[in-house]
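Novice: From the sequence below, what's the structure:
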Amino acid sequence: MKTPASRQEPSDGTTAAAFELRLYVAGRTTASVAALANLQRICETHLAGRYRIEIVDLLKTPQLAAGDQILAVPTLVRLLPEPIKKIIGDLSNEERVLVGLDLLPLNA
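Specialist: From the prediction side, this is the model:
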């Protein structure tokens, strides 16, 4: 079952988030817990009020892995803004995550 972990509504009263993120995990492993904590910290620091995170636990709903072609967990999928991007791992390298989300240029 899909569960929203965090919904941050923009301060201007609209309900659309600029960044739609989906984090695929496999239970509450150390890497999954770290990935969620790192993602929430990064989003609050760099996307405050402009994001929505959806958590998909593949132990509960493994069939959902096929839709985004998930081969490893944890995997972060940026659904919006397009194009779709994926980042695999515990998201501890903040610079790599920011580049993956197109928040920093590759040579920053």
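Novice: Give me the distance between the longest helix along the chain and the centre of its chain.
Specialist: Criterion DSSP state H: the longest helix present in the chain is helix 30-46. Offset of helix 30-46 from its chain centre (Cα atoms, centre = their mean, to the nearest Å): 8 Å.
Novice: Okay, buried residues for it please.
Specialist: The neighbour-count check on helix 30-46 (16 or more other Cβ atoms under 10 Å) flags Ala31, Ser32, Ala35, Leu36, Asn38, Leu39, Gln40, Ile42, Cys43, His46 as buried. The way it works is simple: take the backbone N, C-alpha and C, and place the C-beta from them, glycine included.
Novice: first to last residue in stretch 79-89, what's the distance?
Specialist: 17 Å (Cα to Cα, to the nearest Å).
Novice: can you give me the offset of that stretch from its chain's centre?
Specialist: Counting by Cα atoms, centre = their mean, stretch 79-89 comes out at 8 Å from the chain centroid.
Novice: buried ones in it?
Specialist: Residues Lys86, Ile87, Gly89 are the ones in stretch 79-89 that count as buried (16+ other Cβ under 10 Å).
Novice: ok, back up a step: tilt between the next helix-or-strand element following the longest helix of the chain and helix 30-46?
Specialist: Toward the C-terminus, helix 30-46 is succeeded by strand 51-57 as the next helix or strand (DSSP states H and E). Here strand 51-57 runs at an angle of 170 degrees relative to helix 30-46 (axes from the mean of the first three to the mean of the last three Cα atoms, to 10 degrees).
Novice: mind checking pLDDT for Leu104?
Specialist: Confidence at Leu104, expressed as pLDDT, is 76.
Novice: Apart from its chain neighbours, what residue comes closest to it?
Specialist: Leu98 (4.2 Å; Cβ to Cβ, 6 or more residues apart in numbering).
Novice: ok, back up a step: the buried residues of helix 30-46 into TSV, with extra columns for pLDDT and distance to Asp57?
Specialist: Listed next are those as TSV, based on pLDDT from 0 to 100; distance: Cβ to Cβ, whole Å:
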residue	pLDDT	distance to Asp57
Ala31	96	13
Ser32	96	8
Ala35	98	12
Leu36	97	11
Asn38	98	17
Leu39	97	15
Gln40	96	16
Ile42	96	20
Cys43	95	19
His46	93	25
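Novice: Fine by me, we can end here.
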